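**Q** Below: sequence and its predicted model.
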Amino acid sequence: MRAVAAILLFVSGITAGAETVETIFINGNIYTVNDKQPFAQAIAVKGDRIIFVGANADAEQFRGDKTRIVDLAGKTVTPGFTDSHCHIFGIGEREMTLNLEGTNTREDFLAKVKERVVQTERNKWLTGRGWIETFWKPPQFPTRADLDKIAPDNPVFLTRADGHAAVVNSAALKLANIDDHTPDPFGGQILKTNGDPNGMLLDNAMDLVAKNIPKPTEAETEQAFLKGIDREIKLGWCEIQNAGSELSDQKIIRRAYAARKVKLRMINAAYGPGEAANALLKNGATLNAFDHRFTQRTIKVIFDGALGSRGAALLAPYSDKADTSGFLTQKPEELRPMFEEALRRGIQVETHAIGDRANRLILDLYEQAFKAVPPDKRPAPGGGASSGEPGVAERRPPRADDVRWRVEHAQILTERDLPRFAKLGVIASMQPSHAISDLFFAPSRLGMERLAGAYAWNSLIKSGAIICGGSDAPVERGEPMIEFYAAVTRKSIKGESGVGWHPEQAVSREQGLRMFTSNAAYAAFEENDKGSIEVGKLADFTVLSADIMKIPGPEILKTRCEMTVIGGEIVYDTR
C-alpha cells in the first residue's frame, strides 16, 4: 500500500519535475476501462506499476537516457486480459496427451484413436481428451464396442471435452471390475445398454476407472503446467483464475513460482470438500505472493455435471431423455459446515453449477451460510496466515460482508433465481463460448421454455449482478478473442444463430471487455491493482492486432495477440 501511495504522490507532483521511468509505451489505441479517462495514447511504467496514462506529448516528461520507448504503432491496447475460469494443468495435458478437439465425426474420432494405438506399447494406458459428439451424425456417445475394435490390447480412457464424461473400452472396465452388477456411485452414472455397461461413465463414475491409470510423475505434471502457462501468455492472458487444485498441484505451482519459471499471474482455488480445502481453511489465504503473481484464497466445489452429458442437475427431466434430470455431485448437507467455516476464516467459495436445480440449491446454501455466519462473525476475506512467500498482501478487502462468493458457469437459471445473484452479492463466473457451443444441442436437452434463462448474460447484468468472463479451457479452446466474440455476438464461430439462441442476451463490447478485465479483477478482490489502465495499478496490458471495439464481429475472430505485458515486462512479442 505504501508503494502505491508513493507512486500516486509522485504523479500528483509531476509538474515540479518528473522522474524518469524504465518504459514508455507510445502511439497506442488504448482502451483503459477507466471511466474518468477512457482512452489514451501512452503509458509510462516505473517498476511494475503505471505512473502515467495520457497523450504521447505528455509522456515525454518521463523520458530519460535509459528509458525504453515501445512504439505500439497504433495497435489496440486493453488492460491485461484475465481468464476467470480455466484448468491450467488440463490445458498443458491436452498438449501432451491425445488431443481429440475438433474431431467432427465419429470416424475422425476413431481414426485419431487408432493412430495413437499403433504408437502405444501393448497393455499401456491410452488417455486423451476433447471429443464431443453433439456435431456427429448421429449425435450419439461413442461406446466401448467402438474402442474394442481398434484397441483390444490397451486400456483406453478418453474424456469428453466438458470433463464430465469419459468413454472407456472393455480392457479399462475389466481393470476397474465394472460389470452389469456394479452400482452407480453417488454423483455419477455408469451408462448401460440392455443392462450391460456400454463404456460411457458420467462424473463421479469416471473415478472408478481413472484411479487405475498410472499417475504422471511430478516432472510430467510440472511440464504440463508450464506448457499451459506458455500457451496462455501467447494468447494474451495476463492472469488466470485456476478453477481447482489438489495439494499435489499446489506444491508444483509454488515451486515453479519460487524458481521464477512463471510470469503469468494466478488466482488458485483449492478443491473442496477434502484435504485441499481443509488445508486452506486451516492455514489461511496466501495473497500476492511471488511479486504479486500468486494468490490462493478460494475453495472450488463441483456441484453437478454438464449439460451435454446430461449430468447437469435440472428441476425437471431432460426434454430428450425423460428418465433423467441429472444429478448432484455433492450432498448439500455435507457442504454446509465447510461453507460456514469458510465465512469464519475469510475464505472465498466458488461452485460449479450448470443446471437450474444445482443453481437454485447452491444459492440456497450460500444464503443459509450468510445467515448462519453474519458479518460480525467474519473476518475480511483473504485474512489469515500468510505462507511466508515474498509479496504477501499489504491490503485486505474493506468489509466483512463483502465475501464475493461465485457460481461458476451459472448456465441455466429460472426467472425466480436469476435476480438472486445481485441480491446476495454472488458473482456469476461465466464462459461465453459455452453458449455458442451448447446452443446447437441445448434446445433438445432443455426445450424452448428453459432456454430463456440459459447463458443469460444480459439479464444478469440488468439485474445488477456482476459477470466475470472465462474460457473453461481445456473444455473450450481457451482463446480470449473467441470468448469476447461469443459474448458480444452470441453467434457461432461460423456466424450462425439458431432458434432459441436469444440474441438479446448478447452484451455490448464495453460490457464484454469489462467481463475479462475490471469484473475479473473484482471477482478476485484485485480492483485496486488490476482491471483497468490507470495510475497506481499494475502494468498489465494485452496488445491486439485490431480494434476489437470497432471492427465487424467476424473480424474479432481473426484478431491476434501481438504483445503481452505483465508488470511492465514484455513477456510475449510477435514483432
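**A** That came in fine, so what should we check first? Numbers count the residues shown, from 1 in each chain.
**Q** Just list what the helix or strand containing residue 219 packs against, helices and strands only.
**A** Using DSSP states H and E, the element containing residue 219 is helix 218-235. Packing partners of helix 218-235 (3 or more C-beta pairs under 8 Å, 6 or more residues apart in numbering; DSSP states H and E): helix 88-96, helix 247-258, strand 561-566, strand 569-573. (Each C-beta comes from the backbone N, C-alpha and C, glycine too.)
**Q** try 6 Å this time
**A** Using 3 or more C-beta pairs under 6 Å, 6 or more residues apart in numbering; DSSP states H and E as the contact criterion, the elements in contact with helix 218-235 are helix 88-96, helix 247-258, strand 569-573.
**Q** and the nearest residue to residue 192 once chain neighbours are set aside, how far is that from residue 183?
**A** Leaving out its chain neighbours, the residue that sits closest to residue 192 by C-beta to C-beta, 6 or more residues apart in numbering is residue 198, at 6.0 Å. Using C-beta to C-beta, to the nearest Å, one gets 16 Å for the distance from residue 198 to residue 183.
**Q** quick revisit: what about the residue nearest to residue 192, neighbour count?
**A** When neighbours are counted by other C-beta atoms under 10 Å, residue 198 registers 19.
**Q** Direction included, what does the helix or strand containing it pair up with?
**A** Applying DSSP H and E as the criterion places residue 198 in strand 196-203. The pairing partners recorded for strand 196-203 under DSSP bridges are strand 165-168 (antiparallel), strand 188-193 (antiparallel).
**Q** who touches it?
**A** Strand 196-203 is touched from outside by 141, 143-144, 164-168, 173, 178, 180, 187-192, 305, 309, 311, 329, with contacts defined as C-beta atoms under 6 Å, 6 or more residues apart in numbering.
**Q** Just the buried ones from those?
**A** Among the contacts of strand 196-203, the ones that count as buried by 16 or more other C-beta atoms under 10 Å are 141, 143-144, 164-168, 173, 178, 187-191, 305, 309, 311, 329.
**Q** Would you confirm that residue 488 contacts residue 510?
**A** No - in this structure, residue 488 sits apart from residue 510 without contact. The criterion is C-beta atoms under 6 Å, and the distance is 9.5 Å.
**Q** Dead centre of this structure: give me the residue that sits there.
**A** residue 85 (1.1 Å; C-alpha atoms, centre = their mean).
**Q** How much space separates that residue from residue 243?
**A** Computed with C-beta to C-beta, the distance linking residue 85 and residue 243 is 5 Å.
**Q** Same question for residue 191.
**A** Using C-beta to C-beta, which is the criterion applied here, residue 191 is 26 Å from residue 243.
**Q** Also residue 525?
**A** In this structure, residue 525 and residue 243 are separated by 17 Å, where distance is defined by C-beta to C-beta.
**Q** same check, this time on residue 74
**A** Residue 74 sits 36 Å away from residue 243 when distances are taken as C-beta to C-beta.
**Q** and what of residue 87?
**A** Counting by C-beta to C-beta, the gap from residue 87 to residue 243 is 6 Å.
**Q** For the two, indicate the residue with more neighbours.
**A** Under the criterion of other C-beta under 10 Å, the comparison of residue 87 against residue 243 puts residue 243 first, with 27 against 22.
**Q** Let me see the backbone angles for that one.
**A** With angles defined as degrees, to the nearest 10, residue 243 sits at phi -90, psi 60.
**Q** Low-confidence regions, the stretch 251-400 of the chain specifically.
**A** Applying pLDDT under 70 to the stretch 251-400 of the chain flags the ranges 380-398, 400.
**Q** mind listing the strands for it?
**A** Taking DSSP state E, counting those that start in this stretch to define them, one finds strands in the stretch 251-400 of the chain at 265-271, 286-288, 294-302, 348-353.
**Q** And the stretch 451-575 of the chain, by the same measure?
**A** Ranges of strands within the stretch 451-575 of the chain are 467-469, 541-544, 561-566, 569-573, based on DSSP E, counting those that start in this stretch.
**Q** so which of these is the most packed in?
**A** strand 467-469 (a mean of 29; mean count of other C-beta atoms under 10 Å).
**Q** That strand packs against which elements?
**A** Counting by 3+ C-beta pairs under 6 Å, 6+ apart, strand 467-469 packs on strand 427-430, helix 518-523.
**Q** how does it look with 8 Å?
**A** strand 81-86, strand 427-430, helix 457-462, helix 480-489, helix 509-515, helix 518-523.
**Q** Pull up the pairing partners for the first one, direction included.
**A** Right, strand 81-86. On the basis of DSSP bridges, the sheet neighbours of strand 81-86 come out as strand 237-242 (parallel).
**Q** Compute the mean per-residue pLDDT across the partner strand, please.
**A** Per-region confidence: strand 237-242 scores 98 on mean pLDDT.
**Q** If you count neighbours, what's buried in it?
**A** Applying 16+ other C-beta under 10 Å to strand 237-242 flags 237-242 as buried.
**Q** Show residues contacting that strand.
**A** 80-88, 232, 264-269, 470, 480, 520, 523-524, 530, 540-542, 564-566 (C-beta atoms under 8 Å, 6 or more residues apart in numbering).
**Q** surely residue 312 meets residue 324?
**A** No - counting by C-beta atoms under 8 Å, residue 324 is not a contact partner of residue 312; they are 10.3 Å apart.
**Q** More neighbours: those two, which one.
**A** In this view residue 312 and residue 324 are compared by other C-beta under 10 Å, and residue 312 has more residues nearby, 30 against 13.
**Q** any idea how far residue 431 is from the closest residue in space to that one that isn't next to it in sequence?
**A** Computed as C-beta to C-beta, 6+ apart, the closest residue to residue 312 that is not its neighbour in sequence is residue 355, at 3.6 Å. If you measure residue 355 against residue 431 using C-beta to C-beta, the figure is 16 Å.
**Q** Over to residue 196?
**A** When residue 196 is compared with residue 431 (using C-beta to C-beta), they lie 36 Å apart.
**Q** any idea of the pLDDT on the closest residue to residue 82 other than its chain neighbours?
**A** Across the structure, with C-beta to C-beta, 6+ apart as the measure, the residue nearest residue 82 apart from its sequence neighbours is residue 520 (3.7 Å). Confidence at residue 520, expressed as pLDDT, is 98.
**Q** do the same with residue 19
**A** The predicted local confidence for residue 19 comes out at a pLDDT of 84.
**Q** That one against residue 67, yeah?
**A** No - between residue 19 and residue 67 no contact is recorded; they are 10.7 Å apart, counting by C-beta under 8 Å.
**Q** who has more neighbours, these two?
**A** Neighbours of residue 19 and residue 67, each counted by other C-beta under 10 Å, are more numerous for residue 67; the result is 17 against 14.
**Q** Which residues are in contact with the more buried one?
**A** Here residue 67 is in contact with 20-24 (criterion: C-beta under 8 Å, 6+ apart).
**Q** Give me the local confidence score for it.
**A** 96.
**Q** next one: phi and psi at it?
**A** phi -70, psi 130.
**Q** What number of neighbouring residues does residue 88 come out with?
**A** Other residues close to residue 88 by other C-beta under 10 Å number 29.
**Q** With adjacent residues omitted, what lies nearest to it?
**A** residue 228 (4.4 Å).
**Q** Check the gap between that neighbour and residue 403 for me.
**A** As it turns out, when the distance is counted by C-beta to C-beta, residue 228 lies 29 Å from residue 403.
**Q** which residues touch the nearest residue to residue 453 once chain neighbours are set aside?
**A** In space, residue 453 comes closest to residue 413 once its chain neighbours are excluded; the distance is 4.2 Å by C-beta to C-beta, 6+ apart. Contacts of residue 413 were listed using C-beta under 8 Å, 6+ apart, and they are 356, 359, 453-454, 456, 460.
**Q** Let's see that with 10 Å instead.
**A** Taking C-beta atoms under 10 Å, 6 or more residues apart in numbering as the contact definition, residue 413 lies against 353, 355-356, 359-360, 363, 407, 419-421, 428, 450, 452-456, 459-460.
**Q** any chance you could map the strands in the stretch 51-200 of the chain?
**A** Counting by DSSP E, counting those that start in this stretch, the stretch 51-200 of the chain forms strands over residues 68-71, 76-79, 81-86, 98-99, 126-131, 156-160, 165-168, 188-193, 196-203, given from the N-terminal end onward.
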